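Trainee: from the sequence below, what's the structure:
(one chain, ligands or ions: 1)
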Amino acid sequence: MDHFAYRNRVLHCEDVPLPDLAAEYGTPLFVYSRATLLHHLTAIQTAFAPADPVVAYSVKTNGNLSICKLMAEHGSGFDVTSGGELYRALRAGSNGAKIVFAGVGKTDAEMRYGLENNVFLFNVESEEELFALGAVAQGMGRKAPVALRVNPDLPPKTHAKTDTSVKGVKFGLDIETVLEVAQRAVGHPGLEIVGLHMHLGSPILKAEPYQQGAAKGLQLIAELRKQGHPIAYLNMGGGFGIHYRKQEALPASAFAEVILPAVQQAKCRLVLEPGRFVVGNAGVLVSRVIFNKETGGKHYVIQDAAMNDLIRPTLYDSFHRIWPVAPAAGVPTPPDDFEAEIPGTLKQDVVGPVCESGDFLAKARNLPPLKRGDLLATFSAGAYGMAMASNYNSRLRAAEVLVTGGTHRLIRRRETFADLTACEESCVR
Ligand code: LLP
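Mentor: The predicted model follows:
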(Lines give C-alpha, C1' and ligand atoms only; values in the text may rest on other atoms or scores of the structure.)
Protein backbone atom coordinates (compact mmCIF):
# COMPACT_ATOMS: atom_id res chain seq x y z
CA MET A 1 0.00 0.00 0.00
CA ASP A 2 1.74 3.14 -1.22
CA HIS A 3 0.08 6.38 -0.20
CA PHE A 4 0.62 8.26 -3.45
CA ALA A 5 -2.58 8.66 -5.42
CA TYR A 6 -4.29 11.02 -7.87
CA ARG A 7 -7.33 12.81 -6.47
CA ASN A 8 -9.20 15.13 -8.81
CA ARG A 9 -6.35 14.77 -11.30
CA VAL A 10 -3.70 15.93 -8.82
CA LEU A 11 -1.11 13.64 -7.29
CA HIS A 12 -1.28 13.57 -3.50
CA CYS A 13 1.11 12.15 -0.93
CA GLU A 14 -1.28 10.93 1.75
CA ASP A 15 -3.63 13.93 2.06
CA VAL A 16 -1.25 16.58 0.74
CA PRO A 17 -1.36 17.74 -2.91
CA LEU A 18 2.15 17.71 -4.35
CA PRO A 19 1.80 21.12 -6.08
CA ASP A 20 1.43 22.65 -2.59
CA LEU A 21 4.73 21.11 -1.53
CA ALA A 22 6.48 22.22 -4.73
CA ALA A 23 5.20 25.76 -4.15
CA GLU A 24 6.34 25.82 -0.54
CA TYR A 25 9.68 24.03 -0.76
CA GLY A 26 10.69 24.37 -4.42
CA THR A 27 11.93 21.66 -6.78
CA PRO A 28 13.59 19.24 -7.17
CA LEU A 29 12.02 17.84 -4.02
CA PHE A 30 11.97 14.42 -2.43
CA VAL A 31 8.60 13.74 -0.79
CA TYR A 32 8.19 10.80 1.57
CA SER A 33 5.04 9.26 3.01
CA ARG A 34 5.27 8.24 6.66
CA ALA A 35 2.33 5.84 6.35
CA THR A 36 4.00 4.08 3.42
CA LEU A 37 7.32 3.76 5.23
CA LEU A 38 5.67 2.24 8.25
CA HIS A 39 3.44 0.02 6.15
CA HIS A 40 6.45 -1.60 4.50
CA LEU A 41 8.46 -1.89 7.71
CA THR A 42 5.49 -3.53 9.42
CA ALA A 43 5.01 -5.89 6.47
CA ILE A 44 8.51 -7.28 7.06
CA GLN A 45 8.20 -7.34 10.84
CA THR A 46 4.91 -9.22 10.57
CA ALA A 47 5.92 -11.69 7.87
CA PHE A 48 9.02 -12.72 9.79
CA ALA A 49 7.53 -12.44 13.30
CA PRO A 50 7.70 -16.22 13.99
CA ALA A 51 11.52 -15.93 13.98
CA ASP A 52 11.55 -12.87 16.26
CA PRO A 53 13.91 -11.22 13.77
CA VAL A 54 16.28 -8.33 14.23
CA VAL A 55 15.14 -6.12 11.36
CA ALA A 56 18.08 -3.82 10.69
CA TYR A 57 17.06 -1.06 8.28
CA SER A 58 19.86 -0.50 5.79
CA VAL A 59 20.97 3.09 6.34
CA LYS A 60 22.70 3.35 2.96
CA THR A 61 19.29 3.29 1.27
CA ASN A 62 18.11 6.54 2.78
CA GLY A 63 20.01 7.84 5.77
CA ASN A 64 17.91 10.91 6.49
CA LEU A 65 17.91 11.38 10.24
CA SER A 66 14.13 11.78 10.49
CA ILE A 67 13.58 8.60 8.51
CA CYS A 68 16.08 6.70 10.65
CA LYS A 69 14.36 8.07 13.76
CA LEU A 70 11.03 6.84 12.48
CA MET A 71 12.57 3.41 11.92
CA ALA A 72 14.06 3.35 15.43
CA GLU A 73 10.78 4.45 17.01
CA HIS A 74 9.02 1.56 15.29
CA GLY A 75 11.33 -1.16 16.47
CA SER A 76 13.87 -1.28 13.68
CA GLY A 77 17.59 -1.75 14.16
CA PHE A 78 20.17 -0.60 11.62
CA ASP A 79 22.59 -2.04 9.11
CA VAL A 80 25.48 0.42 8.77
CA THR A 81 28.36 0.29 6.36
CA SER A 82 30.62 3.10 7.50
CA GLY A 83 31.45 5.18 10.55
CA GLY A 84 29.23 7.88 9.08
CA GLU A 85 26.23 5.55 8.91
CA LEU A 86 26.91 4.36 12.46
CA TYR A 87 26.88 8.01 13.52
CA ARG A 88 23.52 8.48 11.80
CA ALA A 89 22.01 5.39 13.46
CA LEU A 90 23.19 6.53 16.88
CA ARG A 91 21.97 10.09 16.26
CA ALA A 92 18.61 8.59 15.31
CA GLY A 93 18.37 7.17 18.81
CA SER A 94 19.48 3.60 18.20
CA ASN A 95 21.96 1.80 20.35
CA GLY A 96 24.60 -0.72 19.40
CA ALA A 97 22.49 -3.65 20.55
CA LYS A 98 20.42 -3.20 17.38
CA ILE A 99 23.18 -2.28 14.94
CA VAL A 100 25.05 -4.55 12.53
CA PHE A 101 28.26 -3.15 11.05
CA ALA A 102 28.86 -4.29 7.45
CA GLY A 103 31.34 -3.33 4.73
CA VAL A 104 34.43 -4.78 3.04
CA GLY A 105 36.79 -2.03 4.16
CA LYS A 106 36.28 -1.08 7.78
CA THR A 107 39.22 0.89 9.10
CA ASP A 108 40.62 0.29 12.58
CA ALA A 109 39.03 3.57 13.66
CA GLU A 110 35.63 2.39 12.42
CA MET A 111 36.06 -0.96 14.19
CA ARG A 112 36.90 0.88 17.40
CA TYR A 113 33.88 3.16 16.95
CA GLY A 114 31.68 0.10 16.52
CA LEU A 115 33.15 -1.66 19.55
CA GLU A 116 32.85 1.44 21.74
CA ASN A 117 29.16 1.50 20.87
CA ASN A 118 28.70 -2.23 21.42
CA VAL A 119 27.36 -3.04 17.94
CA PHE A 120 25.83 -6.44 18.14
CA LEU A 121 27.41 -7.95 15.01
CA PHE A 122 30.30 -7.10 12.72
CA ASN A 123 29.72 -8.64 9.32
CA VAL A 124 33.25 -9.67 8.39
CA GLU A 125 34.20 -10.12 4.75
CA SER A 126 37.84 -11.25 4.61
CA GLU A 127 40.48 -13.04 6.64
CA GLU A 128 42.56 -9.88 7.02
CA GLU A 129 39.55 -8.01 8.28
CA LEU A 130 38.75 -10.77 10.76
CA PHE A 131 42.16 -10.69 12.39
CA ALA A 132 42.43 -6.90 12.24
CA LEU A 133 39.12 -6.71 14.09
CA GLY A 134 40.34 -9.32 16.57
CA ALA A 135 43.46 -7.24 17.25
CA VAL A 136 41.50 -4.02 17.71
CA ALA A 137 39.06 -5.72 20.06
CA GLN A 138 41.83 -7.41 22.03
CA GLY A 139 43.59 -4.05 22.39
CA MET A 140 40.39 -2.75 23.98
CA GLY A 141 40.10 -5.77 26.24
CA ARG A 142 37.05 -6.88 24.28
CA LYS A 143 35.79 -9.71 22.12
CA ALA A 144 34.24 -8.61 18.82
CA PRO A 145 30.96 -10.36 17.96
CA VAL A 146 31.33 -11.55 14.36
CA ALA A 147 29.08 -12.85 11.61
CA LEU A 148 31.17 -14.21 8.76
CA ARG A 149 29.82 -12.98 5.44
CA VAL A 150 29.78 -15.76 2.92
CA ASN A 151 29.56 -15.35 -0.82
CA PRO A 152 27.24 -18.30 -1.53
CA ASP A 153 27.93 -18.23 -5.27
CA LEU A 154 24.34 -17.84 -6.45
CA PRO A 155 23.23 -15.94 -9.51
CA PRO A 156 20.27 -13.77 -8.42
CA LYS A 157 20.74 -11.76 -11.64
CA THR A 158 20.01 -8.22 -10.58
CA HIS A 159 22.47 -5.99 -12.43
CA ALA A 160 26.21 -6.41 -12.94
CA LYS A 161 26.73 -3.50 -10.56
CA THR A 162 24.46 -4.81 -7.79
CA ASP A 163 24.96 -8.60 -7.85
CA THR A 164 26.86 -9.39 -4.67
CA SER A 165 26.78 -13.16 -4.39
CA VAL A 166 28.32 -14.37 -7.62
CA LYS A 167 31.87 -15.65 -7.79
CA GLY A 168 34.47 -12.95 -8.29
CA VAL A 169 32.77 -9.96 -6.66
CA LYS A 170 34.61 -8.26 -3.82
CA PHE A 171 32.06 -9.26 -1.17
CA GLY A 172 32.23 -11.95 1.46
CA LEU A 173 34.38 -14.99 1.92
CA ASP A 174 34.24 -17.57 -0.87
CA ILE A 175 32.01 -20.38 0.27
CA GLU A 176 34.92 -22.83 -0.11
CA THR A 177 37.14 -20.87 2.27
CA VAL A 178 34.77 -19.84 5.10
CA LEU A 179 35.46 -22.91 7.21
CA GLU A 180 39.26 -22.68 6.84
CA VAL A 181 39.18 -19.05 7.94
CA ALA A 182 36.82 -19.81 10.81
CA GLN A 183 39.08 -22.66 11.95
CA ARG A 184 42.01 -20.28 12.21
CA ALA A 185 39.96 -18.01 14.46
CA VAL A 186 39.08 -20.75 16.98
CA GLY A 187 40.15 -19.62 20.45
CA HIS A 188 41.12 -16.08 19.35
CA PRO A 189 40.88 -13.90 22.46
CA GLY A 190 39.47 -10.92 20.55
CA LEU A 191 36.90 -12.73 18.43
CA GLU A 192 33.64 -14.49 18.96
CA ILE A 193 32.13 -15.92 15.78
CA VAL A 194 28.43 -16.00 16.53
CA GLY A 195 26.78 -15.61 13.15
CA LEU A 196 26.69 -16.20 9.41
CA HIS A 197 25.81 -13.42 7.00
CA MET A 198 24.95 -13.20 3.32
CA HIS A 199 23.52 -10.46 1.13
CA LEU A 200 22.56 -11.82 -2.26
CA GLY A 201 22.13 -8.69 -4.36
CA SER A 202 19.52 -6.04 -4.93
CA PRO A 203 16.76 -5.79 -6.03
CA ILE A 204 15.66 -9.44 -6.07
CA LEU A 205 12.25 -10.32 -7.50
CA LYS A 206 12.30 -14.03 -6.75
CA ALA A 207 12.32 -16.10 -3.57
CA GLU A 208 14.50 -18.95 -4.89
CA PRO A 209 17.88 -17.27 -4.32
CA TYR A 210 16.98 -16.87 -0.64
CA GLN A 211 15.91 -20.49 -0.44
CA GLN A 212 19.17 -21.65 -2.00
CA GLY A 213 21.23 -19.24 0.09
CA ALA A 214 19.56 -20.32 3.32
CA ALA A 215 20.13 -23.99 2.46
CA LYS A 216 23.84 -23.34 1.95
CA GLY A 217 23.84 -21.31 5.15
CA LEU A 218 22.38 -24.20 7.12
CA GLN A 219 25.19 -26.54 6.10
CA LEU A 220 27.82 -23.98 6.98
CA ILE A 221 26.28 -23.25 10.36
CA ALA A 222 26.44 -26.95 11.23
CA GLU A 223 30.13 -27.06 10.29
CA LEU A 224 30.95 -23.85 12.15
CA ARG A 225 29.31 -25.24 15.28
CA LYS A 226 31.39 -28.40 14.94
CA GLN A 227 34.45 -26.15 15.05
CA GLY A 228 33.16 -24.82 18.35
CA HIS A 229 31.75 -21.48 17.20
CA PRO A 230 28.50 -20.70 19.05
CA ILE A 231 26.47 -19.65 16.01
CA ALA A 232 23.34 -17.87 17.16
CA TYR A 233 22.48 -15.62 14.20
CA LEU A 234 21.68 -16.14 10.55
CA ASN A 235 21.74 -12.80 8.74
CA MET A 236 20.09 -13.05 5.32
CA GLY A 237 20.85 -9.42 4.37
CA GLY A 238 18.50 -7.28 2.32
CA GLY A 239 17.68 -7.15 -1.36
CA PHE A 240 13.89 -7.66 -1.41
CA GLY A 241 12.65 -6.12 -4.68
CA ILE A 242 9.91 -3.51 -5.10
CA HIS A 243 7.48 -2.40 -7.80
CA TYR A 244 9.36 -0.08 -10.16
CA ARG A 245 7.42 -0.74 -13.40
CA LYS A 246 4.08 -2.17 -12.27
CA GLN A 247 3.23 -4.83 -9.69
CA GLU A 248 6.29 -6.99 -10.30
CA ALA A 249 7.57 -7.48 -6.73
CA LEU A 250 6.86 -10.23 -4.21
CA PRO A 251 5.24 -9.61 -0.83
CA ALA A 252 7.41 -10.02 2.27
CA SER A 253 5.54 -13.25 3.06
CA ALA A 254 6.98 -14.92 -0.07
CA PHE A 255 10.51 -14.36 1.23
CA ALA A 256 9.49 -15.37 4.76
CA GLU A 257 8.09 -18.65 3.44
CA VAL A 258 11.51 -19.79 2.23
CA ILE A 259 13.70 -18.18 4.91
CA LEU A 260 11.78 -19.05 8.09
CA PRO A 261 12.06 -22.85 7.85
CA ALA A 262 15.83 -22.60 7.49
CA VAL A 263 16.13 -20.29 10.48
CA GLN A 264 13.97 -22.56 12.59
CA GLN A 265 16.02 -25.57 11.53
CA ALA A 266 19.25 -23.75 12.32
CA LYS A 267 17.89 -22.71 15.72
CA CYS A 268 19.22 -19.24 15.07
CA ARG A 269 17.85 -15.76 15.51
CA LEU A 270 17.18 -14.20 12.13
CA VAL A 271 18.71 -10.87 11.12
CA LEU A 272 17.49 -8.99 8.04
CA GLU A 273 18.87 -5.82 6.45
CA PRO A 274 16.07 -4.46 4.25
CA GLY A 275 16.41 -1.03 2.73
CA ARG A 276 14.68 -0.58 -0.61
CA PHE A 277 11.65 -2.64 0.42
CA VAL A 278 10.98 -0.23 3.28
CA VAL A 279 11.67 3.14 1.74
CA GLY A 280 11.77 2.72 -2.07
CA ASN A 281 8.10 3.27 -2.80
CA ALA A 282 7.68 5.64 0.12
CA GLY A 283 9.30 8.46 -1.84
CA VAL A 284 8.81 10.41 -5.06
CA LEU A 285 11.02 13.01 -6.66
CA VAL A 286 9.09 16.08 -7.77
CA SER A 287 10.62 18.20 -10.52
CA ARG A 288 9.58 21.09 -12.73
CA VAL A 289 9.82 21.28 -16.50
CA ILE A 290 12.27 23.94 -17.69
CA PHE A 291 12.24 23.51 -21.48
CA ASN A 292 11.13 21.30 -24.33
CA LYS A 293 13.56 20.65 -27.16
CA GLU A 294 13.49 18.75 -30.45
CA THR A 295 16.79 17.54 -31.82
CA GLY A 296 18.06 14.63 -33.90
CA GLY A 297 14.49 13.44 -34.36
CA LYS A 298 14.02 13.18 -30.60
CA HIS A 299 11.88 15.08 -28.15
CA TYR A 300 13.58 16.11 -24.92
CA VAL A 301 11.89 17.40 -21.83
CA ILE A 302 14.46 19.20 -19.74
CA GLN A 303 13.43 19.42 -16.09
CA ASP A 304 15.18 20.47 -12.93
CA ALA A 305 16.00 17.05 -11.45
CA ALA A 306 19.17 15.46 -12.77
CA MET A 307 21.58 12.57 -12.41
CA ASN A 308 23.00 14.26 -9.34
CA ASP A 309 19.57 13.89 -7.67
CA LEU A 310 18.71 10.38 -8.87
CA ILE A 311 21.60 8.54 -10.46
CA ARG A 312 19.93 5.13 -10.80
CA PRO A 313 18.86 5.51 -14.46
CA THR A 314 22.34 6.70 -15.43
CA LEU A 315 24.17 4.07 -13.42
CA TYR A 316 22.00 1.00 -13.87
CA ASP A 317 19.60 1.95 -16.68
CA SER A 318 16.94 1.67 -13.99
CA PHE A 319 13.30 2.23 -14.86
CA HIS A 320 11.38 4.73 -12.73
CA ARG A 321 7.77 5.56 -13.51
CA ILE A 322 7.39 9.24 -14.40
CA TRP A 323 4.11 11.09 -14.83
CA PRO A 324 2.79 14.66 -14.60
CA VAL A 325 1.74 15.68 -11.11
CA ALA A 326 -1.41 17.32 -12.51
CA PRO A 327 -2.16 15.78 -15.92
CA ALA A 328 -4.33 17.72 -18.34
CA ALA A 329 -7.90 16.60 -18.96
CA GLY A 330 -8.07 13.44 -21.05
CA VAL A 331 -4.66 12.18 -19.92
CA PRO A 332 -4.77 9.05 -17.73
CA THR A 333 -3.96 9.47 -14.03
CA PRO A 334 -1.66 7.58 -14.34
CA PRO A 335 -1.60 4.77 -16.96
CA ASP A 336 -1.82 1.16 -15.77
CA ASP A 337 1.20 0.28 -17.85
CA PHE A 338 3.86 2.95 -18.28
CA GLU A 339 5.62 0.92 -20.95
CA ALA A 340 2.61 0.42 -23.21
CA GLU A 341 1.57 2.76 -26.01
CA ILE A 342 -0.56 5.44 -24.37
CA PRO A 343 -2.94 7.48 -26.55
CA GLY A 344 -2.17 11.20 -26.51
CA THR A 345 1.49 10.74 -25.58
CA LEU A 346 4.74 11.08 -27.48
CA LYS A 347 8.12 9.50 -26.84
CA GLN A 348 10.25 11.84 -24.77
CA ASP A 349 13.66 11.67 -23.13
CA VAL A 350 13.39 13.10 -19.62
CA VAL A 351 16.71 14.77 -18.92
CA GLY A 352 18.25 17.18 -16.43
CA PRO A 353 20.53 20.21 -16.75
CA VAL A 354 23.82 18.34 -16.02
CA CYS A 355 26.54 18.49 -18.68
CA GLU A 356 26.62 14.80 -19.56
CA SER A 357 24.77 12.88 -22.24
CA GLY A 358 24.23 10.23 -19.55
CA ASP A 359 22.13 12.64 -17.53
CA PHE A 360 18.62 11.27 -17.90
CA LEU A 361 15.75 10.00 -15.79
CA ALA A 362 14.02 8.21 -18.67
CA LYS A 363 14.55 7.54 -22.36
CA ALA A 364 11.94 7.30 -25.10
CA ARG A 365 9.19 7.45 -22.50
CA ASN A 366 5.53 7.82 -23.46
CA LEU A 367 4.49 11.08 -21.84
CA PRO A 368 1.81 13.63 -22.63
CA PRO A 369 2.97 16.96 -24.07
CA LEU A 370 4.47 19.03 -21.28
CA LYS A 371 5.00 22.73 -20.97
CA ARG A 372 7.35 24.98 -19.03
CA GLY A 373 6.50 24.98 -15.33
CA ASP A 374 4.64 21.63 -15.33
CA LEU A 375 5.47 19.38 -12.41
CA LEU A 376 6.61 15.79 -12.89
CA ALA A 377 6.72 12.97 -10.36
CA THR A 378 9.42 10.34 -10.58
CA PHE A 379 8.18 7.40 -8.54
CA SER A 380 10.02 4.82 -6.40
CA ALA A 381 12.66 7.42 -5.57
CA GLY A 382 12.82 6.85 -1.81
CA ALA A 383 15.67 4.34 -1.99
CA TYR A 384 19.12 5.19 -3.32
CA GLY A 385 17.88 8.60 -4.48
CA MET A 386 18.97 11.25 -2.02
CA ALA A 387 21.42 8.74 -0.53
CA MET A 388 23.42 8.76 -3.78
CA ALA A 389 22.89 12.42 -4.61
CA SER A 390 25.86 14.66 -5.23
CA ASN A 391 26.80 18.25 -5.93
CA TYR A 392 28.03 17.49 -9.43
CA ASN A 393 27.98 20.59 -11.62
CA SER A 394 27.79 22.47 -8.29
CA ARG A 395 24.11 21.76 -8.18
CA LEU A 396 22.44 22.17 -4.81
CA ARG A 397 21.17 18.97 -3.33
CA ALA A 398 17.38 18.79 -3.13
CA ALA A 399 15.21 19.31 -0.08
CA GLU A 400 13.34 16.42 1.57
CA VAL A 401 9.86 16.54 3.06
CA LEU A 402 8.02 14.00 5.18
CA VAL A 403 4.24 13.86 4.90
CA THR A 404 2.03 12.55 7.68
CA GLY A 405 -1.67 12.57 6.79
CA GLY A 406 -2.50 16.16 5.93
CA THR A 407 0.67 17.64 7.41
CA HIS A 408 4.21 17.98 6.12
CA ARG A 409 7.59 18.73 7.57
CA LEU A 410 10.91 19.67 6.02
CA ILE A 411 13.40 16.97 7.02
CA ARG A 412 16.33 18.28 5.02
CA ARG A 413 16.57 21.86 3.82
CA ARG A 414 17.64 22.65 0.30
CA GLU A 415 21.34 23.43 0.10
CA THR A 416 22.53 26.96 -0.53
CA PHE A 417 25.42 28.31 -2.57
CA ALA A 418 27.25 28.91 0.73
CA ASP A 419 26.92 25.18 1.54
CA LEU A 420 28.72 24.42 -1.71
CA THR A 421 31.90 26.14 -0.62
CA ALA A 422 31.57 25.72 3.17
CA CYS A 423 34.26 23.05 3.49
CA GLU A 424 36.62 25.06 1.30
CA GLU A 425 36.21 28.53 2.83
CA SER A 426 38.65 28.06 5.68
CA CYS A 427 41.28 26.71 3.26
CA VAL A 428 41.08 29.57 0.73
CA ARG A 429 44.24 31.67 0.69
N1 LLP B 1 22.79 -5.36 3.31
C2 LLP B 1 23.92 -5.23 2.59
C3 LLP B 1 25.12 -5.89 3.05
C4 LLP B 1 23.91 -4.47 1.41
O5 LLP B 1 25.03 -4.37 0.70
C6 LLP B 1 22.72 -3.84 0.99
C7 LLP B 1 22.70 -3.03 -0.22
C8 LLP B 1 21.57 -3.98 1.79
C9 LLP B 1 21.64 -4.77 2.93
C10 LLP B 1 20.26 -3.34 1.44
O11 LLP B 1 19.75 -3.82 0.25
P12 LLP B 1 18.23 -3.49 -0.17
O13 LLP B 1 17.32 -4.15 0.80
O14 LLP B 1 18.08 -2.01 -0.15
O15 LLP B 1 18.09 -4.04 -1.54
N16 LLP B 1 22.42 1.57 -5.35
C17 LLP B 1 21.81 0.35 -5.84
C18 LLP B 1 21.65 -0.70 -4.79
C19 LLP B 1 22.94 -1.07 -4.10
C20 LLP B 1 22.71 -2.00 -2.95
C21 LLP B 1 23.89 -2.02 -2.07
N22 LLP B 1 23.75 -2.88 -0.95
C23 LLP B 1 20.46 0.72 -6.48
O24 LLP B 1 20.12 1.88 -6.48
O25 LLP B 1 19.77 -0.16 -6.97
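Trainee: which helix or which strand is home to the closest residue to H199 other than its chain neighbours?
Mentor: Distances taken as CB to CB, 6 or more residues apart in numbering place G237 nearest to H199, at 2.9 Å, with adjacent residues excluded. C-beta: built from backbone N, CA, C; applies to glycine. In the assignment (DSSP states H and E), G237 maps to no helix and no strand.
Trainee: wait, G237 sits on G275?
Mentor: No: counting by CB atoms under 8 Å, G237 stays clear of G275, with 9.9 Å between them.
Trainee: report pLDDT for the residue nearest to H199.
Mentor: If you check G237, the pLDDT there is 97.
Trainee: who are the contact partners of it?
Mentor: Contacts for G237 (CB atoms under 8 Å, 6 or more residues apart in numbering) come out as H197, M198, H199, L200, L272, E273.
Trainee: quick one, phi/psi of it?
Mentor: Backbone torsions of G237, given as degrees, to the nearest 10, read phi 70, psi -150.
Trainee: same thing with N308?
Mentor: phi -70, psi -20.
Trainee: how far does stretch 279-286 sit from the chain's center?
Mentor: How far stretch 279-286 lies from its chain's middle: 11 Å, per CA atoms, centre = their mean, to the nearest Å.
Trainee: wait, is P274 part of a helix?
Mentor: No: going by DSSP: H, G, I helix; E, B strand; the rest coil, the assignment for P274 is coil, not a helix.
Trainee: return the distance of it relative to F48.
Mentor: 10 Å (CB to CB, to the nearest Å).
Trainee: what do the two both touch?
Mentor: With CB under 8 Å, 6+ apart as the test, P274 and F48 both reach V55.
Trainee: okay, these two: which has more neighbours?
Mentor: Ranked by neighbour count (other CB atoms under 10 Å), P274 and F48 place P274 first, with 29 against 23.
Trainee: from the ligand, how far out is the more buried one?
Mentor: Look at P274 and the ligand: by CB to the nearest ligand atom, to the nearest Å, they are 5 Å apart.
Trainee: also F291?
Mentor: 28 Å.
Trainee: hmm, the longest helix belonging to the chain touching the ligand?
Mentor: Criterion DSSP state H: the longest helix present in the chain is helix 208-226. No: with CB under 6 Å from any ligand atom as the criterion, the ligand is not reached by helix 208-226; the gap is at least 12.0 Å.
Trainee: any idea how far that helix is from the chain center?
Mentor: So, by CA atoms, centre = their mean, the centroid of helix 208-226 is 25 Å from its chain's centroid.
Trainee: in it, which residues are buried?
Mentor: P209, Y210, Q211, Q212, G213, A214, K216, G217, L218, L220, I221, L224 (16 or more other CB atoms under 10 Å).
Trainee: elements contacting the longest strand along the chain?
Mentor: The longest strand of the chain (DSSP state E) is strand 283-295. Strand 283-295 sits against helix 18-25, strand 29-33, strand 298-303, strand 375-378, with contacts defined as 3 or more CB pairs under 8 Å, 6 or more residues apart in numbering; DSSP states H and E.
Trainee: beta-bridge partners for L410, please?
Mentor: Counting by DSSP bridges, L410 is bridged to V401.
Trainee: and the residue nearest the centre of this protein?
Mentor: T61 (2.6 Å; CA atoms, centre = their mean).
Trainee: so how far is G134 from G228?
Mentor: Distance of G228 to G134, given as CB to CB: 16 Å.
Trainee: higher neighbour count, those two?
Mentor: G134 (22 against 11).
Trainee: wait, that one sits on G187?
Mentor: No: with contact defined as CB under 8 Å, G134 does not count as touching G187 (10.8 Å).
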